[in-house]
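S.K.: how would this look folded up:
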Amino acid sequence: MEIFQRAKAKIRALKGVPEIEEHLSPEAFSVRETVRHGFPNGATALAVDHVQALVAVGNRKGVIRIFGKSGVEISIKHDISDPEACSVLHLAFMINEGFLLSVTADNTLHMWNLKAKDITVAQSVHFDEKSVAAGLITTLCAPILSGWIYVGLTSGNVFAVNAKTFQVSGYTIYWNKVVALSQRQRPGSVNAILEHPEDSNKLLLSYDHIVVLWDLQNQTAVFRCPMKEAVRGVHWYSDGKTFMTGLRNGGLAIWSSKDGKLVRMNKPHARDSGELSCHGIHKLKWMSCKGEPMAFFTGGLPLRHEESSNSITILTGTQALQVAHFEGRVVDFACLCHGVYPSDVQDPHSLVVLLENTLEIIDLQSHSNQKFNIPYDVVMSSVTITSILYEGNVPVEVIGHLASAGSKIDVPHATKRGWPLDGGVRSQERSSSEPYLIITGHVDGSVRFWDASTTTISLLYYYDTATLYEPRRIASRPKRTSVERRLDFPKQQTPAATPSPQPGSLPPADLPVKTPSRGASPATAAAAA
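M.R.: I've put the predicted structure just below:
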């Protein structure tokens, strides 16, 4: 290389061409990601911290997006080289602790420190899926104020992880202790783990055909509820006296936590339609309210309907039945509640629904369960983008005019209540001195204008180009019969503009003062044994 450079210099000298010093380096042309906009493609997991008012979404590529108040969006990603191993399978907040738990496809449990300036994985623990005692992780449970993380596995066992040291405890709930002595077969994977609302010494363990109430201190089963129909969902009532299960035959069963006996069973959609056969229930939440309790579940529709994965049924009490439909498959859902502790009256006010391509929140306090206008850029990719334009140094007046015009657009069927998430703190600094604009064209004919001056973008204005292609009406000629022909294009719903958001951080919030009765931890139970 040096010989070539010297020869090149001699040729330049003979031709009288001055020597040019090159200051460019390959590093100056390296491509790196600075800002990520849009919704995580292929969403797989959802978590909600109802105290901090935060929502986390994970996807197949290992990306986690955290949403708070308008303008608070944080994107983090697992540092895993294997693309098939980084998929996020489960998410769970350690409520009001400032930590987020994630499980990736390589069977590793990660803890993210959300209180740090640069959010990274604080600790990780790997479970050997080839181990007889372990297997693949199927569910997580991180009870509030517990200090323990319970991990359910395909082997049927439950491990306890210390939340402070992130070490797997010696206390393990083995499947052969959970089932009756006469049963020698494994009960299957652990589908759900729920702490008793009034007694932290007890865990409700759900398998395919059995639900067990486990006593941590005495290391024994309080009762076992064998199920003829496979269990697809389970949830405590806040008083801890009963719990509900969603079954494969579309039924909802309520059981007593005192002796494990059946209290009541019904099929909401069968009663409503007059049919006896229904599709199975997949996910279930049962919430106490100031009035009648509310149950939320997916599935359970009559067999005459195709099994729909894009709807959620809302059952109030035992009679009122509503079905909310969505434009996409429901991956998961959770409730935002006024109650802080599991033993409080939950009184849900909003329903967070995770779809494969977007996030929606329903106002449960509205008359007809209206949806909130999403203040994030998740709606950017909810309709396929066909073209995109990035404009820099846009005059501030243009941004102002677009925002003013967008604010005058009324979105039909949207709730008037304010955005229910208020977590995080939004910074007041802008990422650039001059505003930047992103213009996107979509497959439905809409054009959207976005303020991209900060690390988060906001929708300024929405225009439906379909109105440009409606031909004028032409009067018929005299003495001749004519048929008026007109193309009617459906007009799209136009989301209202939101103020330009700013980048932010996630501070801890003060937990309401309450000292619930806590029982012995798995560590003390193991020592006592």
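S.K.: in the host helix or strand of residue 353, what's buried?
M.R.: Using DSSP states H and E, the element containing residue 353 is strand 348-355. For strand 348-355, burial by neighbour count (16 or more other Cβ atoms under 10 Å) applies to 348, 350-355. (C-beta placed from N, C-alpha, C; glycine too.)
S.K.: what about the spatially most central residue of the chain, distance to residue 115?
M.R.: Nearest to the mean C-alpha position of the chain, by Cα atoms, centre = their mean, lies residue 46 at 2.6 Å. The spacing between residue 46 and residue 115, counted by Cβ to Cβ, to the nearest Å, is 22 Å.
S.K.: same thing with residue 47?
M.R.: 16 Å.
S.K.: before we move on, what about residue 60?
M.R.: Distance from residue 60 to residue 115, by Cβ to Cβ: 27 Å.
S.K.: More neighbours: those two, which one.
M.R.: A count of neighbours by other Cβ atoms under 10 Å puts residue 60 above the other of residue 60 and residue 115, at 18 against 14.
S.K.: circling back: dump the residue contacts of the residue nearest to the centre of the chain.
M.R.: Contact analysis of residue 46 by Cβ atoms under 8 Å, 6 or more residues apart in numbering lists 55-58, 91, 331-334, 352, 354.
S.K.: Let's see that with 7 Å instead.
M.R.: Contacts for residue 46 (Cβ atoms under 7 Å, 6 or more residues apart in numbering) come out as 57, 91, 331-332, 334, 354.
S.K.: So it: helix, strand or coil?
M.R.: The three-state assignment at residue 46 reads strand, by DSSP: H, G, I helix; E, B strand; the rest coil.
S.K.: In the sheet, which residues pair with it? Tell me.
M.R.: Beta-bridge partners recorded for residue 46 (DSSP bridges): residue 57.
S.K.: what's the answer for residue 297, then?
M.R.: residue 284, residue 313.
S.K.: tally of neighbours for residue 181?
M.R.: 7.
S.K.: Give the helix, strand or coil label for it.
M.R.: coil.
S.K.: pLDDT score for it?
M.R.: With respect to pLDDT, residue 181 scores 81.
S.K.: And stretch 166-173, what's buried?
M.R.: Of the residues in stretch 166-173, those buried (16+ other Cβ under 10 Å) are 168-169, 171-173.
S.K.: As JSON lines, those residues with pLDDT and secondary structure would be great.
M.R.: Formatted as JSON lines, the buried residues of stretch 166-173 follow (pLDDT from 0 to 100; DSSP: H, G, I helix; E, B strand; the rest coil):
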{"residue": "168", "pLDDT": "93", "secondary structure": "strand"}
{"residue": "169", "pLDDT": "92", "secondary structure": "strand"}
{"residue": "171", "pLDDT": "92", "secondary structure": "strand"}
{"residue": "172", "pLDDT": "94", "secondary structure": "strand"}
{"residue": "173", "pLDDT": "95", "secondary structure": "strand"}
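S.K.: and of those residues, the nearest to residue 465?
M.R.: The closest of the buried residues of stretch 166-173 to residue 465 turns out to be residue 168 (Cβ to Cβ; 57.6 Å).
S.K.: List the beta-bridge partners for the closest one.
M.R.: Residue 168 has these beta-bridge partners by DSSP bridges: residue 161.
S.K.: hang on, the earlier thing: ok, the buried residues of strand 348-355 vs residue 158, which is closest?
M.R.: Nearest to residue 158 among the buried residues of strand 348-355, counting by Cβ to Cβ, is residue 354 at 25.6 Å.
S.K.: OK, contacts around the closest one?
M.R.: By Cβ under 7 Å, 6+ apart, the neighbours of residue 354 are 43, 46, 57, 331-333.
S.K.: let's see it at 10 Å
M.R.: Going by Cβ atoms under 10 Å, 6 or more residues apart in numbering, residue 354 touches 43-48, 55, 57-58, 328-334, 360.
S.K.: leaving aside the residues next to it on the chain, what's closest to it?
M.R.: Counting by Cβ to Cβ, 6 or more residues apart in numbering, the nearest residue to residue 354 once its immediate chain neighbours are dropped is residue 46, at 4.2 Å.
S.K.: and the gap between that neighbour and residue 40?
M.R.: According to Cβ to Cβ, residue 46 and residue 40 sit 11 Å apart.
S.K.: which neighbours do the two share?
M.R.: 57-58, 359.
S.K.: Dump those to a markdown table, plus neighbour count and distance to residue 222.
M.R.: Converted to a markdown table, the shared contacts of residue 46 and residue 40 look like this (neighbours: other Cβ atoms under 10 Å; distance: Cβ to Cβ, whole Å):
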| residue | neighbour count | distance to residue 222 |
| --- | --- | --- |
| 57 | 25 | 36 |
| 58 | 30 | 34 |
| 359 | 22 | 38 |
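S.K.: Partner strands of the strand holding residue 353, with direction?
M.R.: strand 330-337 (antiparallel), strand 359-363 (antiparallel).
S.K.: Nearest approach to residue 278 belongs to which of those strands?
M.R.: Among those, strand 330-337 sits nearest to residue 278 (Cβ to Cβ), with 17.2 Å.
S.K.: Could you give the separation of the closest one from the chain centroid?
M.R.: 7 Å (Cα atoms, centre = their mean, to the nearest Å).
S.K.: go on, stretch 364-378?
M.R.: Distance, stretch centre to chain centre, for stretch 364-378: 15 Å (Cα atoms, centre = their mean).
S.K.: in it, what's buried?
M.R.: Buried residues in stretch 364-378, defined by neighbour count with 16+ other Cβ under 10 Å: 364, 366, 370-378.
S.K.: State the mean pLDDT of that stretch.
M.R.: 81.
S.K.: Alpha carbons of that stretch, as PDB, please.
M.R.: Provided in PDB are the C-alpha atoms of stretch 364-378 (Å, rounded to 0.1, in the frame of the first residue of the first chain):
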ATOM      1  CA  LEU A 364     -64.400   1.400  30.200                       C
ATOM      2  CA  GLN A 365     -66.000   4.500  31.700                       C
ATOM      3  CA  SER A 366     -67.500   5.700  28.400                       C
ATOM      4  CA  HIS A 367     -71.000   4.800  27.500                       C
ATOM      5  CA  SER A 368     -70.100   2.400  24.600                       C
ATOM      6  CA  ASN A 369     -66.500   1.500  25.500                       C
ATOM      7  CA  GLN A 370     -65.000   4.100  23.100                       C
ATOM      8  CA  LYS A 371     -61.300   4.000  22.200                       C
ATOM      9  CA  PHE A 372     -58.700   6.500  23.200                       C
ATOM     10  CA  ASN A 373     -56.700   8.500  20.600                       C
ATOM     11  CA  ILE A 374     -53.200   7.100  20.700                       C
ATOM     12  CA  PRO A 375     -50.700   9.900  21.200                       C
ATOM     13  CA  TYR A 376     -47.700   7.800  20.000                       C
ATOM     14  CA  ASP A 377     -46.400   6.900  16.600                       C
ATOM     15  CA  VAL A 378     -47.800   3.300  16.900                       C
END
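S.K.: All set, thanks.
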